[in-house]
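S.K.: pasting the sequence and the predicted coordinates here, then a few questions.
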Amino acid sequence: MKKILAIDIGNTNITAGLFKGSRLVKKNKMPTRSRTLIFWRADAAVILSVVPEALPRVIAAIKKSGVRDIKVAGRSAKVPIRNMYKVKGQVGQDRLVNAFAARSIYGAPCVIIDFGTAVTFDCVSRRGDYLGGLILPGIEMSLQGLYDRTALLPNVKLKATSSIIGKDTVSSIRGGILFGLGAMADGLVSRYRKVLGASLKVVATGGNASLVKKYAKSIQVVDEDLTLKGLLLLS
């Protein structure tokens, strides 16, 4: 059975997954700035990168592991989805791969909410076209911004909170982020349903997706491996 190495080079982390057939058998994360990159041997590799300067290092490391069949999303591996963005090249390949993966796995119309370094909303029409979406500051970025730009607010690590009325500064910040994101997701999905139809599927991905789902009733599916699955589909 063919082994495919799927690699997602993000702004914060490089996420690597090894698929045996359609099954994800190994997964690993490492800092994007890491100079020591080690990948599993595979029959082929598919890479997605939103960090151009990191791509050559990753390709070199993959070749070092013995892989010669290497594709890059947006270059040698075109994402097979109609891009309706006004300026096509402004859409990150990560957003197109996620849209393609969600459409292929969960059907259309759909909206993908990616809780990564940035929070993105991406919409796929009933016909299966990528329409565009929204980009907002990510969770860690928001928390760090509060700390950096204020004199008295602490540096807070994100954890679940149960009350919408915070009783101390830390719980107020956590609640603000989580209940705020949940309300935002529910509000935007409600608007998207009016545009894209009541059958809209809502798929969340990214490292914080499972946590945010507790605060957003509109999220139907959490698939933290959506991007890797999309890369596998491109292989």
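M.R.: Sure thing, it's come through. Residues are numbered from 1 along each chain as shown.
S.K.: after the longest helix along the chain, heading C-terminal, what element do we hit next?
M.R.: Once the chain is assigned using DSSP state H, the helix that runs over the most residues is helix 169-196. Following helix 169-196 in sequence order, the next helix or strand is strand 201-205 (DSSP states H and E).
S.K.: what are the buried residues along that next one?
M.R.: Lys201, Val202, Val203, Ala204, Thr205 (16 or more other Cβ atoms under 10 Å). C-beta: built from backbone N, CA, C; applies to glycine.
S.K.: try stretch 122-142
M.R.: Residues of stretch 122-142 classed as buried under the neighbour-count rule (16+ other Cβ under 10 Å) are 122-125, 128-133, 138-142.
S.K.: which helices and strands does the longest helix of the chain pack with?
M.R.: strand 110-115, strand 118-124, helix 139-149, helix 209-213 (3 or more Cβ pairs under 8 Å, 6 or more residues apart in numbering; DSSP states H and E).
S.K.: okay, the ones you listed, which one's buried deepest?
M.R.: strand 110-115 (a mean of 27; mean count of other Cβ atoms under 10 Å).
S.K.: how far is it from where the chain is centred?
M.R.: 8 Å (Cα atoms, centre = their mean, to the nearest Å).
S.K.: quick one on the thing from earlier: what is the nearest of the buried residues of strand 201-205 to Ile14?
M.R.: Taking Cβ to Cβ as the measure, Ile14 lies nearest Thr205 of these, at 16.2 Å.
S.K.: what's the closest non-adjacent residue to that closest one?
M.R.: With Cβ to Cβ, 6 or more residues apart in numbering as the criterion, Thr205 has its nearest non-adjacent residue at 4.1 Å, and that residue is Leu226.
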